[in-house]
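Participant: Sequence first, then the predicted structure:
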Amino acid sequence: MSKHHISTTINGEPVEFLCDTAQTLLDVLRDELGLTGSKEGCGSGDCGACSVLVEGRLVCACLVLAAEVDRCAVETIEGVAQGNALHPLQQVFLNEAALQCGICTPGIIVAAKALLEKNPDPDEEEIRFWLAGNLCRCTGYDKIVRAVQQAALVMRSA
Amino acid sequence: MVEVDADTCQALIERMDERFPGFADAIATGVAVAIDGQIYPDPLQQDLRPDSEVCFLPALEGG
Amino acid sequence: MGRYPAGSPGWRDKVTGQANYGADFSLPGMITGRVLRSPHAHARIVSIDTTEAGKLAGVRAVVTAADFPDLPSEVVAGGESPVNYRYISCNAIARDKVLYEGHAVAAVAAISAGVAEQALKLIRVEYEVLPHVIDVRDAMRDDAPLLHDNLYTEGVDPKPTKPSNIAKRTEFLLGDPAAGFAESEIILERSYTTQPVHQGYIEPHACVASVAADGMTTVWSSSQGQFMVREFCAKLLKIADSDIRVLPAEIGGGFGGKTTVYLEPLAIALSRKSGRPVKMVMSREEVFKASGPTSGGVLQVKLGARRDGTLVAAECELAYQAGAFPGSPAIPGCMTAFACYDIPNARTVGYDVVSNRPKCAAYRAPGAPMAAFAVESALDELALELGMDPVELRLKNAAKEGTRALYGPKMPVIGFVETLEAARAHAHYNTPLKANQGRGIASGFWFNIGGQSSAAVHINEDGTAEVVTGNPDIGGSRASMAIMAAEVLGIDYAKVKPLIGDTASVGYCFLTGGSRVTFATGKAVVEAANDVVQQLRARAAKIWKCEVDEVIWKDGVAHPAQGQTDTRTQLSLAEIAASAARTGGPISGKASLNVGGAGPGFGTHLCDVEVDPETGRVTVLRYTVIQDVGRAIHPGYVEGQMQGGAAQGIGWALNEEYVYDDQGRLQNSGFLDYRMPVASDLPMIDAVLVEVPNPAHPFGVRGVGEVPIVPPLAAVANAVARASGVRVNDLPISPPRLLAALMK
């Protein structure tokens, strides 16, 4: 079976790639495009380590077939910082020790960024339920939630 | 509890082996030593004070 | 010291997605490895035929146990503690028998994952299925199916003549428990069970191995110790240590589960055979089925006390599942069970029992959480019976400096009492509770370890510095290395860069684990930095043409000693560095130590829950972690360890367990049904740092990473008991279990 020719925009840049029918978006990002920031923690959409935005919608890249993103805009962790300038979420996560091993961090930052774009002033419960699809085993979530609240404050004051 | 005359842990092990043959072999691997409450992973390297209290215990690990 | 530097080198890459974990490496010509795993919990391997698989287009190599040396079964002093390399080898790839569903039987390397998976299907394995046993009580019975016909129980007298699944019996004894119980005014005796749980790291095991034509092997691996990976692979494949170089990737969680090797030996063998670099990554299902979840266990606890709450006697008997090969943490379970308390008569007996499950690996304070669950639950019941406040009961019996521990030595300087007093004084303790709500308290202990560590400190020409150590950084320890080096050198933290070296670049470092890195590797860093300071003083002395003792080093600057009246001025580190070539050459310090004197850690946790009597659902409302942390070099990361450990313990108490069918096959090998806490399950976790410095470390450091997982199991269980009026002594207290108990 021949491969699919896919044209997409990733983090604002036009990207074309070939993929098999069975390849997921996560497979292609990591193995074909060298974008290894999105992580595979489970392959079944339960851990959120592969969180990306497709057409502005927060999804698990392991549950999206690569072929599905033809003519779509995809945003990954690699597009969150603007060149060398970190996004407030990224800076606050560093300042507030909201990461330890860091494997869940790309997925959480992508998910949190999507939340703050939808709701610039979420309360603790909203943050926790929004991030319920992003597993973290190191932090117990406390510093992550506080970092999202702090980043939201920084972004609202900007 | 046993009283032994020794100023290094190595000497203590040798004296204990004289008194209780097989002792040195029994603690050759997997054993740490506590001297006056501080635990050391390498018994043979430790010095002792005249009134030190020495305990041998299983080597500790962690996760 | 104690301030929050914003991020640290390498850390920034974690928030941008640029940090390289084990699965993120690629090499030119790299091919992909996959593992064929046993579908049976227990079976003899009658034959393996890999011919067809080897012929499939795109397959470059196939290996089985035949490609690995047949190692003798013997206990060897490996690194820190005894290791039986045959067990590790037979666990990495099965020899003669498969001992659990998921046990590796063969491995294939091919030009793509798809081809490799196809090849696996072409490997023909003939199994003779055998009866299996999983539950530890069943495994201990005389008529249980035996996993190893050459395993005889150690630690029993007379030596047994029949093989058994009981690998070892260990006993610790202090005083005379029988006499102690005889004089007790109240005796409490209870039984408890816990289920096997997984460390739950989000990053599956991953590595890339490359064997060059000259035999030099290079491995990139996310593990808790590149030196351990080197050592284990060297032994399993009979390679010289100097012929294998292991580079540590960033690691996505370990908690003890990555203190051994699974894929690395297979990847090396495949690379050797194929002549290509081989990448291997476990799927989540493989992680659950074939890495090292910790033991489930059965425990009996007996406490004897006077009416005033003084503990007079205590006994605990426990049996832990080791999985397929001996090595459960039964011994540390026995050693830690009563360590928080001053009990004059105590005995613990532990059984290490094999059963048809994956070989267990360490999980954060191995053996201690289960033992603490039993003891702290029993103490809670004792407090209720005596009408005593549970904190007061613990204070009355608390271990202090000089208390004789059951495992032998007297306690050194410790801060347990301080954690209890902090609990009593905390606002959480006095927060009012509503209907169906309850408060649980529990304490816990872990030794923390020292061990072998090396460090090097290099001064650059411009006065900046590198600190190189060999411990993978899972929790922020690299920042603490830089902070400590900067403190000794007397320069700004921003001028010191911490690096984690590979096995060829820095002296031997024992694993990242045992809560040892900030303590032991930190000590090596301090010594290496002190070595540099001595050299800096010597250089200043040369420049000033005086004796070294006339030079004082303070705040990053060489000063003439007091009393000197001539025209010498100060020399900064940067100035000395700039002229180093003219005063003797490059300035570098190093240290290699085997560190003792690790300070034990104690914690006390407060947990409030609400129970829904209709569904059995438990909601954690409030959680406070109080811990003696010695001295917090980086308070933010210390709090993180406390909160993370508590969260794991909460999951262990409420939801996590391995569920098997009647064929011994795992039913919940994914995150949906192996239910770990998510963000919406937990409240904010208040972390209270009590600092009683450890006198055996230059900065007072105590290990902090493991203690926090020890108290939560009982803290949650005690809270549920007080909220619902019903005590569940079998973990996890999942809704079906609690509901059944409530209905009774």
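Facilitator: Alright, I've got the coordinates. Numbering: from 1, shown residues only, chains lettered A, B, ... in the order given.

Participant: Near chain A, which residues of the stretch 401-550 of chain C are found?
Facilitator: C:474-476 (Cβ under 8 Å from any Cβ of the partner chain). Heads up, the C-betas are built off the backbone N, CA and C, glycines and all.

Participant: ok, now with 6 Å
Facilitator: Proximity of the stretch 401-550 of chain C to chain A, by Cβ under 6 Å from any Cβ of the partner chain, involves residues C:474-475.

Participant: the strands in the stretch 401-550 of chain C, which residues?
Facilitator: With DSSP state E, counting those that start in this stretch as the criterion, the stretch 401-550 of chain C has strands at C:437-446, C:451-459, C:465-469, C:496-500.

Participant: Out of those strands, the one nearest C:A92 is which?
Facilitator: Nearest of those to C:A92, taken as Cβ to Cβ: strand C:451-459 at 24.2 Å.

Participant: Name the surrounding residues that touch the lowest-mean-pLDDT helix or strand in chain B.
Facilitator: Across the helices and strands of chain B, mean confidence by mean pLDDT, DSSP states H and E is lowest for helix B:23-26: a mean of 88. With contacts defined as Cβ atoms under 6 Å, 6 or more residues apart in numbering or on different chains, helix B:23-26 is touched by B:13, B:16-17.

Participant: Which parts of that helix count as buried, going by neighbours?
Facilitator: B:F23 (16 or more other Cβ atoms under 10 Å in any protein chain shown).

Participant: One more: stretch C:579-599?
Facilitator: So for stretch C:579-599, counting by 16+ other Cβ under 10 Å, buried means C:580, C:587-599.

Participant: quick one: contacts for C:I626?
Facilitator: If you count contacts by Cβ under 6 Å, 6+ apart, C:I626 has them with C:419, C:422-423, C:604, C:688.

Participant: What about these, which are in helices?
Facilitator: C:419, C:422-423 (DSSP state H).

Participant: Using CSV, please lay out those together with distance to chain B, pLDDT and neighbour count.
Facilitator: Shown next, in CSV, are the ones in helices among the contacts of C:I626 (distance: Cβ to the nearest Cβ, whole Å; pLDDT from 0 to 100; neighbours: other Cβ atoms under 10 Å in any protein chain shown):
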residue, distance to chain B, pLDDT, neighbour count
C:T419, 19, 98, 31
C:A422, 24, 98, 19
C:A423, 25, 98, 24
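
Participant: sorry, back to before: CA-only coordinates of the least confident helix or strand of chain B in PDB, if you can.
Facilitator: The C-alpha coordinates for helix B:23-26 follow below in PDB (Å, rounded to 0.1, in the frame of the first residue of the first chain):
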ATOM      1  CA  PHE B  23      31.700 -14.800  60.900                       C
ATOM      2  CA  ALA B  24      33.900 -13.100  58.300                       C
ATOM      3  CA  ASP B  25      32.400 -15.000  55.500                       C
ATOM      4  CA  ALA B  26      28.900 -14.400  56.700                       C
END
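
Participant: Spell out, range by range, the strands that occur in chain A.
Facilitator: A:4-10, A:13-19, A:51-54, A:57-60, A:73-75 (DSSP state E).

Participant: Report the secondary structure state of C:L36.
Facilitator: Per DSSP: H, G, I helix; E, B strand; the rest coil, the local secondary structure of C:L36 is strand.

Participant: For it, list each beta-bridge partner.
Facilitator: Under DSSP bridges, the beta-bridge partners of C:L36 are C:A106.

Participant: show me the contacts for whatever residue of chain A ends up closest to chain B.
Facilitator: Across chain A, no residue is closer to chain B than A:R137, which sits at 13.3 Å (Cβ to the nearest Cβ). Going by Cβ under 6 Å, 6+ apart, A:R137 touches C:200-202, C:253.

Participant: do the same with C:G350
Facilitator: C:170, C:318, C:330-331, C:333-334.

Participant: Show only the entries of these found in helices.
Facilitator: Applying DSSP H to those, the entries found in helices are C:330-331, C:333-334.

Participant: Could you single out the nearest of those to B:P43?
Facilitator: B:P43 lies nearest to C:I331 out of the ones in helices among the contacts of C:G350, by Cβ to Cβ, at 17.6 Å.

Participant: where does C:A520 land on pLDDT?
Facilitator: On pLDDT, C:A520 comes in at 93.

Participant: Just give the closest residue to it, not the sequence neighbours.
Facilitator: C:V595 (3.9 Å; Cβ to Cβ, 6 or more residues apart in numbering or on different chains).

Participant: ok, what's across the strand from that neighbour?
Facilitator: Going by DSSP bridges, C:V595 forms beta bridges with C:G451.

Participant: need the contact list for it.
Facilitator: C:V595 makes contacts with C:450, C:520, C:523, as judged by Cβ under 6 Å, 6+ apart.

Participant: Closest one of those residues to chain B?
Facilitator: The closest of the contacts of C:V595, once distances to chain B are taken by Cβ to the nearest Cβ, is C:G450, at 6.2 Å.

Participant: Could I get the contacting residues of the closest one?
Facilitator: C:520, C:595-596, C:598.

Participant: and the residue nearest to C:A520, how far is that from A:A114?
Facilitator: In this view, C:V595 and A:A114 are 46 Å apart by Cβ to Cβ, to the nearest Å.

Participant: Show me the domain layout of chain A.
Facilitator: Domain assignment for chain A, taken from automatic domain parsing, gives A:4-79, A:88-157.

Participant: winner for burial among those?
Facilitator: Sort the domains of chain A by mean neighbour count, taking mean count of other Cβ atoms under 10 Å in any protein chain shown, and domain A:88-157 sits at the top with a mean of 22.

Participant: Mind pulling up the pLDDT for the residue of the stretch 451-600 of chain C found nearest chain A?
Facilitator: For the stretch 451-600 of chain C and chain A, the shortest gap (Cβ to the nearest Cβ) falls at C:G475, measuring 4.7 Å. pLDDT, C:G475: 82.

Participant: Same question for C:Q564.
Facilitator: pLDDT at C:Q564 comes out at 57.

Participant: And the strand ranked longest in chain C, what does it pack against?
Facilitator: Longest strand of chain C, by residue count under DSSP E: strand C:311-323. Secondary-structure packing of strand C:311-323 (3 or more Cβ pairs under 6 Å, 6 or more residues apart in numbering or on different chains; DSSP states H and E): helix C:177-182, strand C:297-305, strand C:345-354.
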